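Chemist: dropping a prediction and its sequence here:
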Amino acid sequence: MKHLLSIEDVSREDVERICARAAAFSENQQREIKKVPALRGRTVLNLFYEASTRTRSSFELAAKRLSADVVNFSASGSSTEKGESLKDTVQTLSAHRPDAIVVRCPWAGAPALVAEWTDAAIINAGDGKHEHPTQALLDIYTLTRRLGSLDGVKIWVVGDVLHSRVARSNILGFQKMGAQVTVAGPPTLLPRDIEAMGVEVRYSLDDLHEADVVYALRMQNERMQQAYLPSMREYASLFQIDERRLGARSLLMHPGPVNRGVELSDGVVDCPQSLILEQVAAGVVVRMAVLFELLAASRAFDPVPEHQSA
Ligand code: NCD
């Protein structure tokens, strides 16, 4: 695997290997000294054109805990504000010879273009409404740690599926691992052809208690160009996951940031069934495993370079 642009770039075996490596790294994270030398001398460039708290901090920490050098670029405060294009920015920063570039941007498909402009391995950290593959991997990791396997597990993805890159990557990722996915939300927030992804579709939360896992999505107001809902109050009254709707044995997940009082009630965010903070912690070790996979794992099988052989 040269790049991670989509969750479709990884097979079930790849996901299992990445999760196993993340689990090994997580043991290390309990120690006083959390750094391992795996990527010493390598450079990771974080290229962020959109707001981020969890993804950016966990990629930075992941690279540092693998002993890589890290350069953080964010569009605000950079020459982007002076009109420099994405291509020029990538080519400029590639002069520093990064081994990996982590890209978050509002343009669907842009990470694939970046991959053509540089020799570095590209990791998609969220591109518009398209995909967010490392989110899917860390959510699969979090769930398999809890449940052992996702085979036959019933996962409901609830809310603004239409604008969510997390929904797309996670539906594909959960199915790859054997889960049965249902999407639920108001018709205006579910893509019209969503059944083609092999999911069940519900327009109410009446049967939500059937779910082994409830995966709530944030209302992506910043991606809405028109009114999709009469009001947030109406949305909350029909689709907010609260103590009454969440089944007693269902696990609760959310990629963050949470709009408390919109998609989730205040109470369920911090309830014992909530895995939200486990997802954040998983972000570091899973991103370590992804960086390792792209920059180190395949090289372990490289033949001895010619000048070193006897
Ligand atoms: C998500 C994103 O940016 O796509 N957040 C994240 O990476 N954890 C989800 C969101 O913004 O709602």
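Modeler: Right, received. Where do you want to start? Numbering: from 1, shown residues only.
Chemist: only C-alpha atoms for contact and neighbour calcs from this point on.
Modeler: OK.
Chemist: burial count for residue 8?
Modeler: Close neighbours of residue 8, defined as other CA atoms under 10 Å, add up to 14.
Chemist: and the gap between it and residue 276?
Modeler: 24 Å (CA to CA, to the nearest Å).
Chemist: ok, now residue 59?
Modeler: Applying CA to CA to residue 59 and residue 276 gives a distance of 18 Å.
Chemist: which one of those two is surrounded by more residues?
Modeler: More crowded of residue 59 and residue 276, by other CA under 10 Å: residue 59, with 26 against 23.
Chemist: now that one. Nearest residue, chain neighbours left out?
Modeler: Spatial nearest neighbour of residue 59, chain neighbours left out: residue 287 (6.1 Å); criterion: CA to CA, 6 or more residues apart in numbering.
Chemist: got a pLDDT number for the one you found?
Modeler: Looking at residue 287, its pLDDT reads 98.
Chemist: test my guess that it contacts residue 60.
Modeler: No - counting by CA atoms under 8 Å, residue 287 sits too far from residue 60 to count as a contact (9.3 Å).
Chemist: so those two - more neighbours on which side?
Modeler: Taking neighbours as other CA under 10 Å, residue 287 and residue 60 compare with residue 287 leading, 25 against 22.
Chemist: quick one, what contacts that one?
Modeler: Residues in contact with residue 287, defined by CA atoms under 8 Å, 6 or more residues apart in numbering, are 22, 58, 59, 62, 134, 138.
Chemist: so which of those residues is the closest to the ligand?
Modeler: The ligand lies nearest to residue 134 out of those, by CA to the nearest ligand atom, at 8.7 Å.
Chemist: surely the closest one meets residue 125?
Modeler: Yes - using CA under 8 Å, residue 134 is in contact with residue 125, at 6.7 Å.
Chemist: ok, back up a step: doesn't the residue nearest to residue 59 lie inside a strand?
Modeler: No - secondary structure of residue 287 (DSSP: H, G, I helix; E, B strand; the rest coil): helix, not part of a strand.
Chemist: quick check: it vs residue 58, distance?
Modeler: 7 Å.
Chemist: what domains does the record give for the chain?
Modeler: With domains defined by automatic domain parsing, the chain comprises 7-132+280-303, 134-278.
Chemist: any part of the first one near the ligand?
Modeler: Yes - where contact is defined by CA under 6 Å from any ligand atom, part of domain 7-132+280-303 touches the ligand, namely 54, 55, 126.
Chemist: the residues you listed into a markdown table, with extra columns for distance to residue 106, secondary structure and pLDDT?
Modeler: Shown next, in a markdown table, are these (distance: CA to CA, whole Å; DSSP: H, G, I helix; E, B strand; the rest coil; pLDDT from 0 to 100):
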| residue | distance to residue 106 | secondary structure | pLDDT |
| --- | --- | --- | --- |
| 54 | 17 | helix | 93 |
| 55 | 15 | helix | 95 |
| 126 | 8 | strand | 98 |
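Chemist: when you filter the residues you listed down to buried only, what's left?
Modeler: Neighbour counting by 16 or more other CA atoms under 10 Å classes 54, 55, 126 among the residues of domain 7-132+280-303 next to the ligand as buried.
Chemist: and the strands in the stretch 201-310 of the chain, which stretches?
Modeler: 213-216, 251-253 (DSSP state E, counting those that start in this stretch).
Chemist: same deal with the stretch 1-150 of the chain?
Modeler: 43-48, 69-74, 100-105, 121-127.
Chemist: distance from the chain centre to the longest one, please.
Modeler: Centroid separation for strand 121-127 versus its chain: 10 Å, with CA atoms, centre = their mean, to the nearest Å.
Chemist: do the same with stretch 239-256
Modeler: So, by CA atoms, centre = their mean, the centroid of stretch 239-256 is 20 Å from its chain's centroid.
Chemist: got the CA positions of that stretch in PDB?
Modeler: What follows is stretch 239-256, C-alpha atoms only, in PDB (Å, rounded to 0.1, in the frame of the first residue of the first chain):
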ATOM      1  CA  PHE A 239     -33.600  12.100  15.900                       C
ATOM      2  CA  GLN A 240     -31.600  13.100  19.000                       C
ATOM      3  CA  ILE A 241     -30.100  10.100  20.700                       C
ATOM      4  CA  ASP A 242     -31.000  10.400  24.400                       C
ATOM      5  CA  GLU A 243     -31.300   8.100  27.400                       C
ATOM      6  CA  ARG A 244     -34.800   7.100  26.300                       C
ATOM      7  CA  ARG A 245     -33.900   6.100  22.700                       C
ATOM      8  CA  LEU A 246     -30.500   4.500  23.400                       C
ATOM      9  CA  GLY A 247     -31.000   0.800  24.100                       C
ATOM     10  CA  ALA A 248     -29.700  -0.500  27.400                       C
ATOM     11  CA  ARG A 249     -27.100  -2.700  25.700                       C
ATOM     12  CA  SER A 250     -26.200  -0.500  22.800                       C
ATOM     13  CA  LEU A 251     -22.700   1.000  22.600                       C
ATOM     14  CA  LEU A 252     -22.600   4.700  21.500                       C
ATOM     15  CA  MET A 253     -20.000   6.300  19.200                       C
ATOM     16  CA  HIS A 254     -19.500   9.700  17.600                       C
ATOM     17  CA  PRO A 255     -16.500  11.000  15.600                       C
ATOM     18  CA  GLY A 256     -16.600  14.400  17.400                       C
END
